[in-house]
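> just need the structure, nothing else, for what follows:
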Amino acid sequence: MAPPHPVPLPSRLATGELAWSSVVSAVLAAGGAHAPDPDRIAAAYRSAELLTIDGVAPNVWAPLSGFWRTSDGWVRTHANYPHHASALRRALELDDDQDPVAAFSGDSSASIVARITAADGLAVPVRGEDPAHDAALRRARLIDTVELGPSSRGAIAPTGWLTGIRVLDLTRVIAGPVCTRTLAALGADVLRIDPPHLPEPEWQHLDSGHGKRSALLDAGSARFGELLDAADVVVLGYRPSALARRGLSPEAIAERNPGIVIAQLSAWGDDEPERRGFDSLVQAESGIAMIESADGSTPGVLPAQALDHSAGYLLAAAVSMALRRRAGRTLLVRTSLRRVAAELLGMPRTASAGAPTSDDPEQHAEEFRVGDRLVRTVRSALPGHPFSAPRPWGGDEPSW
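Residues are numbered from 1 along each chain as shown. Sure, this is the predicted structure:
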């Protein structure tokens with residue numbers, strides 16, 4: 001499919017082209033024949049900018065999340081979760097009301113990143129791109145498919161609709177929830193499970209919770225095991241090492257539930273299974289931030305969390321395809337934000353970011369009543385597959 005006009009996500013890198021290809025992959029995998037709307041895709045990728053809760057736009061970035069100048073460069077931090085913000089403050093010995101600028105500027109990037117990482121916080125150095133490393137990453141498939149063993153399960157009918165397919169959603173933030181939101185729009189019964197001790201920001205859940213039920217449950221419980229055993233698909237968004245420690249590696253899941261389709265998303269890929277990460281951090285360390293710099297010295301950003309959204313749509317497409325091809329097999333499909341970044345860095349680029357779109361994004365929003373809240377969110381980018389309302393986080397029973 002060729003777009004009627006470019007996806008309006010202006011940047012030096014081919015963000016719009018990546019977004020178009022990713023969403024079209026999901027459309028084609030679902031058996032769709034109609035091209036998506038490029039403006040709707042751009043709105044979907046910038047969904048957090050359209051979100052309002054009772055008429056109020058949430059602040060989606062915490063004060064300690066961002067770029068910080070150091071004595072020899074820049075670092076990028078991510079502290080949207082309270083426990084990450086606390087770790088960062090501990091590492092830099094910051095009081096709650098203390099201006100952090102001096103704490104960053106007085107030390108090197110390497111030292112700051114090491115201190116924050118040692119405290120279980122999140123920070124990366126801002127680096128230039130490494131074309132040789134990106135080329136090596138691109139030698140692996142963008143979506144890797146691995147056969148984990150035999151199965152007696154058959155494939156689903158090749159209609160693309162996922163009615164009756166049970167999807168256990170073990171993801172959070174953006175990429176994984178975009179994947180499972182897409183599967184829900186295609187008709188799947190999606191049940192998101194979160195640990196009771198790790199609350200999700202309300203805006204973050206409502207931004208990508210469409211069509212899914214949401215429950216709180218410990219992954220070590222017998223009830224969780226029953227849910228996993230009855231699932232057709234499980235989508236994993238936590239660090240590979242953390243999942244393995246809980247007995248939830250793809251191999252362990254395949255052994256207990258042959259024929260299940262396992263979708264795995266990580267920030268940095270299987271080469272760094274212990275490492276935490278988010279889209280903004282991958283942009284910074286991979287070289288994207290400096291390519292998008294407006295002045296050549298201050299880091300910039302893509303016009304959307306494009307690594308997250310693209311990974312979500314691509315993984316949803318891979319799940320749809322795996323369900324149609326799984327007969328006699330247990331399949332794992334996986335990608336990482338860093339692999340998606342390498343793909344973007346290998347695409348054609350321009351000398352300037354270009355002008356912003358004149359399209360009114362408001363026309364791509366719709367309102368839902370979620371509990372006692374009135375929530376305005378983005379519309380679905382998949383033609384013929386509208387969103388259902390999100391549900392309150394943790395408000396459902398953990399059952400199929």
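
> let me know the secondary structure of the closest residue to A44 other than its chain neighbours.
The shortest distance from A44 to any non-neighbouring residue, by Cβ to Cβ, 6 or more residues apart in numbering, is to A381 (4.1 Å). Just so you know, the C-beta spots here come from the backbone N, C-alpha and C atoms, and that holds for glycine as well. What DSSP: H, G, I helix; E, B strand; the rest coil gives for A381 is coil.

> how about the helices in the stretch 151-300 of the chain?
175-185, 202-208, 222-229, 240-245, 250-256, 279-286, 288-291 (DSSP state H, counting those that start in this stretch).

> hey, least reliable of those by pLDDT?
Lowest mean pLDDT within those: helix 240-245, at a mean of 89.

> next, the angle helix 279-286 makes with the helix or strand hosting T117.
Per DSSP states H and E, T117 falls inside helix 109-118. Helix 109-118 and helix 279-286 meet at an angle of 150 degrees, taking axes from the mean of the first three to the mean of the last three Cα atoms, to 10 degrees as the criterion.

> how close does L344 get to V375?
Going from L344 to V375 by Cβ to Cβ, to the nearest Å gives 31 Å.

> L170 now?
Distance, L170 to V375, using Cβ to Cβ: 24 Å.

> what does E202 give?
According to Cβ to Cβ, E202 and V375 sit 10 Å apart.

> can you pull the residues that touch both of those two?
Among the neighbours of E202, those also in contact with V375 (Cβ atoms under 8 Å, 6 or more residues apart in numbering) are I53.

> who has more neighbours out of those two?
More neighbours surround V375 than the other of E202 and V375, with 22 against 16 (other Cβ atoms under 10 Å).

> so is the more buried one in a helix, a strand, or just coil?
At V375, secondary structure determined by three-state DSSP is strand.

> residue farthest from the centroid of this structure?
G106 (33.3 Å; Cα atoms, centre = their mean).

> ok, and the closest non-adjacent residue to that residue?
In this structure, G106 finds its nearest non-sequential neighbour in S71, 6.5 Å apart by Cβ to Cβ, 6+ apart.

> how about the contacts made by that neighbour?
Counting by Cβ under 8 Å, 6+ apart, S71 has contacts 105-109.

> how about G354?
With contact taken as Cβ under 8 Å, 6+ apart, G354 is in contact with 10-11.

> what segments of the stretch 1-150 of the chain are strands?
Applying DSSP state E, counting those that start in this stretch to the stretch 1-150 of the chain gives strands spanning 52-53, 66-69, 74-77, 123-125, 144-150.

> actually the stretch 301-400 of the chain, not the one I typed
With strands called from DSSP E, counting those that start in this stretch, the stretch 301-400 of the chain shows them at 329-336, 365-370, 373-378.

> outside of the helix or strand bottoming out on mean pLDDT in the chain, which residues touch it?
In the chain, no helix or strand scores lower on mean pLDDT, DSSP states H and E than helix 240-245, which sits at a mean of 89. With Cβ under 8 Å, 6+ apart as the test, helix 240-245 has contacts from 170, 236, 249, 252, 264, 266, 270, 273-274.

> ok, stretch 96-110 next?
Residues outside stretch 96-110 that contact it (Cβ under 8 Å, 6+ apart) are 64, 68-75, 89, 92-94, 112, 125-126.

> recalculate using a threshold of 10 Å.
63-64, 66-77, 85-86, 88-89, 91-94, 112-115, 123-127 (Cβ atoms under 10 Å, 6 or more residues apart in numbering).

> can you measure across it, start residue to end residue?
Distance between the two ends of stretch 96-110: 24 Å, counting by Cα to Cα, to the nearest Å.

> show the average pLDDT along that stretch.
Stretch 96-110 comes out with an average pLDDT of 91.

> tell me the buried residues in it?
Buried positions in stretch 96-110, judged by neighbour count with 16 or more other Cβ atoms under 10 Å: 100, 103-104, 107, 109.

> adding distance to S399, write those out as a markdown table.
Formatted as a markdown table, those follow (distance: Cβ to Cβ, whole Å):
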| residue | distance to S399 |
| --- | --- |
| P100 | 45 |
| A103 | 47 |
| F104 | 47 |
| D107 | 51 |
| S109 | 48 |
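
> cross those residues against helices and list the overlap.
The helices, defined by DSSP state H, take in 103-104, 109 from the buried residues of stretch 96-110.

> nearest to Q363, of those residues?
Set against Q363, the nearest of those by Cβ to Cβ is F104 (40.8 Å).

> so D37 makes contact with P383?
Yes: D37 lies in contact with P383 (Cβ atoms under 10 Å); the separation is 7.6 Å.

> spell out which residues are contacts of both of those two.
Common contacts of D37 and P383, defined by Cβ under 10 Å, 6+ apart, comprise V23.

> pick out whichever of the two has more residues nearby.
A count of neighbours by other Cβ under 10 Å puts D37 above the other of D37 and P383, at 20 against 16.

> got a list of what that one touches?
Counted by Cβ under 10 Å, 6+ apart, D37 has contacts 3-5, 7, 23, 43-44, 359, 364, 379, 381, 383.

> please, a PyMOL command that selects the buried ones among those residues?
Applying 16+ other Cβ under 10 Å to those, the buried members can be selected in PyMOL as follows:
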select buried, resi 3+7+23+43+44+359+364+379+381+383
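
> in helices, which of the contacts of D37 fall?
The helices, defined by DSSP H, take in 23, 43-44 from the contacts of D37.

> now G247: how far from G269?
G247 sits 22 Å away from G269, going by Cβ to Cβ.

> count of neighbours near S241?
Counted by other Cβ under 10 Å, the residues lying close to S241 total 13.

> let's have the helices of the stretch 151-300 of the chain in a markdown table, adding distance to L216.
Shown next, in a markdown table, are the helices of the stretch 151-300 of the chain (distance: least, Cβ to Cβ, whole Å):
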| stretch | distance to L216 |
| --- | --- |
| helix 175-185 | 16 |
| helix 202-208 | 12 |
| helix 222-229 | 11 |
| helix 240-245 | 18 |
| helix 250-256 | 21 |
| helix 279-286 | 25 |
| helix 288-291 | 35 |
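
> perfect, that will be all.
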